[in-house]
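have a look at this prediction, sequence included:
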Amino acid sequence: MLNLCKIKNMSNALVVIPTYNEIENIERLLLNIFSLPREFDVLVVDDNSPDETAQVVQLLIKKFPKRLFLEIREGKLGLGTAYIHGFKWALERDYEYIFEMDADFSHHPNDLIRLYDACATQDFDMSIGSRYKTGVNVVDWPMSRVLLSWLASKYVRFITGLGICDTTAGFVCYKRAILEKINLNNIQFVGYAFQIEMKFKTHLNKFKIVEVPVIFTDRTRGESKMSGGIIFEAIFGVLSMKFNSLFTKYDI
C-alpha cells in the first residue's frame, strides 16, 4: 500500500524504469545513469521477472542505497500500470521531474540531461525524446517497423490534433504538476496507447510540451515486448479516446 506521507529525497529527478526479463541490460543501464554529471534517482518497477532482474537490482541497491529503489509487482501487468505505479511512488516524495525510460538502451542515458534541461531551464512542462522531430532518427530497426511506428505517430497526430511528431514516444520527462493534475486512476490504456493517452491529457490540460530530438537505437540484448494486441489497442483506443473527448464528459 502506498504511503500517504511524502518522503524526503536527495535528487529532484526520478527515472521510472519498468522491467520484465531485462537481466541482460539493467545493471549496465543503471551504472550508466549513476555516472551522469547530473544526479538522477531511479525507481525500477519489476513485474516479477523470471530471469531474476529484480535480484540484480537488489544487489545494486547496496551500492546506491539513496539513489536506487525497487518495487516488485506480482506479475506482468502492463507497461502503463507500471508507470502509473512509479508516478504515484514519485508523488509521495518530493520529486519535481519524473521520467519514463525503457530498460533496453533504446533510450540513451545521456539524453536524460537534455530532457531535464528542457523542463528545468526552458520552462516546459513535458519534454519528449523524439525520434521524428528532425526526420527519422531510428537505428537498427527493420524498415517495416520504422514505417509502422512513423505511420502510427502520423495517425495519432491526425486523429487527436496533437502537435507532436512522435506521439508514441516512451522517453518522457514530466514536471510534477502534470502528474498531480491528471487523474492517474482513470488512465484507460496499459500498453502502447498509454503513451498517447498521457500526452493527449497533458495537451488537453494546456501544459507546455516540447520535443527534444534523440537517436533511438533498437535493443541488442533481450527480447522486445511488442505484440499485436498492443498495436490493436493503440489504433482503436485513439479513436475512442478522441470521440470521448468530443462528445462525452472526458476525465482529464
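Happy to help now that I have it.

give me every residue that touches D125.
119, 174-175, 177-178, 202, 207-209 (CB atoms under 8 Å, 6 or more residues apart in numbering). For every residue, glycine as well, the C-beta is placed using N, CA and C.

so of these, which ones are in helices?
119, 177-178, 202 (DSSP state H).

filter these down to the buried ones, ChimeraX style.
To isolate the buried ones among these in ChimeraX, judged by 16 or more other CB atoms under 10 Å, type:
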select :119,178,202
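
pLDDT added to the ones in helices among the contacts of D125, as CSV?
Output for the ones in helices among the contacts of D125, formatted as CSV (pLDDT from 0 to 100):
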residue, pLDDT
C119, 98
A177, 98
I178, 98
T202, 96
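
quick one: which of the ones in helices among the contacts of D125 is nearest to D94?
A177 (13.5 Å; CB to CB).

of the contacts of D125, which is the nearest to D47?
Looking across the contacts of D125 and measuring by CB to CB, the closest to D47 is Y174, at 21.6 Å.

measure that closest one to T168 for me?
From Y174 over to T168 the distance is 16 Å, taken as CB to CB, to the nearest Å.

the two: which has the busier surroundings?
Y174 (26 against 21; other CB atoms under 10 Å).

contact partners for the more buried one?
Y174 neighbours (CB under 8 Å, 6+ apart): 87, 97-100, 119, 125-126, 202.

out of those residues, which sit inside strands?
Among the contacts of Y174, the ones falling in strands (DSSP state E) are 97-100, 126.

which of those has the most neighbours?
Ranking the ones in strands among the contacts of Y174 using other CB under 10 Å puts F99 first, with 28 neighbours.

tell me the contacts of the closest residue to that residue other than its chain neighbours?
Among residues not flanking F99 along the chain, V15 sits closest, at 4.4 Å (CB to CB, 6 or more residues apart in numbering). Contacts for V15 (CB under 8 Å, 6+ apart) come out as 33, 40-43, 99, 101, 112.
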